[in-house]
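Chemist: below are the sequence and a predicted model; questions follow.
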Amino acid sequence: MDSKKRTVLLGLVFLLLLIFAYVENSSFFGSVGDVFSNALLAVFFIFVHNVLVVSLILLGMTFYVGLVLNFMSKREEDYVVLHNPRIFAFVFTIMVIFISILRAGTLVYGKVFIETLALVILLSTPNAIIEGYGIFQTIERTLKRNMTTKALAEIYLLFLIAALIEVGYVYLLRAWA
């Protein structure tokens with residue numbers, strides 16, 4: 001299969017998986033309270049959710065690289081992201097973490113309260129650092145076109161560690177309250 005057809009196919013798969021991710025995300029946030037009744041199930045649930053998210057980022061970035069290389073002109077402006085993968089990965093990672101923290105802030109009361117946002121950010125920091133590093137590595141390696149199976153396994157391991165920490169925090173907070 002030539003690279004243009006592969007890119008189009010990748011784009012279609014990405015679009016289908018975005019729809020699937022929307023359904024999964026709605027299901028995840030709708031049942032997250034019930035899942036925490038069993039610690040092992042909670043770790044598994046959060047890990048799978050995070051792996052789906054990072055895999056979707058990987059697929060989206062791979063599609064973007066193919067789109068730029070196969071369908072864009074050869075002007076310098078079209079390659080800004082590919083020529084500056086670290087900067088783009090950093091900015092994208094910060095956006096994802098910020099949105100995730102805001103989303104986590106809505107789990108308790110249904111909306112974000114500025115008064116509790118500082119506490120949510122403080123409690124989320126260790127996890128955000130681990131997950132953020134995993135997201136950063138995924139984006140940077142994909143844009144540089146040097147993602148390997150070993151690197152992907154290491155990234156997934158980061159998300160397993162983050163899931164363990166996240167569930168640990170919830171159980172610690174429950175015991176404390």
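Modeler: Sure, I can see it. Residues are numbered from 1 along each chain as shown.

Chemist: how about the helices in this structure?
Modeler: Counting by DSSP state H, residue ranges of the helices within the chain are 3-35, 39-71, 80-83, 85-109, 114-144, 149-176.

Chemist: for Tyr171, grab the count of nearby residues.
Modeler: 13 (other CB atoms under 10 Å). Where C-beta positions appear, they are placed from N, C-alpha and C, glycine not excepted.

Chemist: whoops, I mixed them up, Lys150
Modeler: 8.

Chemist: mind putting the helices of the chain into JSON lines with mean pLDDT?
Modeler: Converted to JSON lines, these look like this (pLDDT from 0 to 100):
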{"stretch": "helix 3-35", "mean pLDDT": "85"}
{"stretch": "helix 39-71", "mean pLDDT": "92"}
{"stretch": "helix 80-83", "mean pLDDT": "93"}
{"stretch": "helix 85-109", "mean pLDDT": "82"}
{"stretch": "helix 114-144", "mean pLDDT": "85"}
{"stretch": "helix 149-176", "mean pLDDT": "90"}
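
Chemist: tell me, how many residues neighbour the residue lying closest to Ala21 once chain neighbours are set aside?
Modeler: Nearest non-adjacent residue to Ala21, counting by CB to CB, 6 or more residues apart in numbering: Leu56, 5.4 Å away. When neighbours are defined as other CB under 10 Å, Leu56 has 16 of them.

Chemist: any idea how far Phe14 is from Leu56?
Modeler: Leu56 is 8 Å from Phe14, where distance means CB to CB, to the nearest Å.

Chemist: got the contact list for the nearest residue to Pro126 once chain neighbours are set aside?
Modeler: Closest residue to Pro126 apart from its sequence neighbours, by CB to CB, 6+ apart: Ile165 at 6.2 Å. By CB atoms under 8 Å, 6 or more residues apart in numbering, Ile165 lies in contact with 126-127, 130.

Chemist: Provide the backbone phi and psi angles at Asn146.
Modeler: phi -130, psi 30 (degrees, to the nearest 10).

Chemist: should've said Arg145
Modeler: Phi and psi for Arg145, reported as degrees, to the nearest 10, are phi 60, psi 40.

Chemist: how about it, what does it touch?
Modeler: Contacts of Arg145 by CB under 8 Å, 6+ apart are Val65.

Chemist: sorry, back to before: what subset of the contacts of Ile165 is buried?
Modeler: Buried residues within the contacts of Ile165, counting neighbours by 16 or more other CB atoms under 10 Å: 127, 130.
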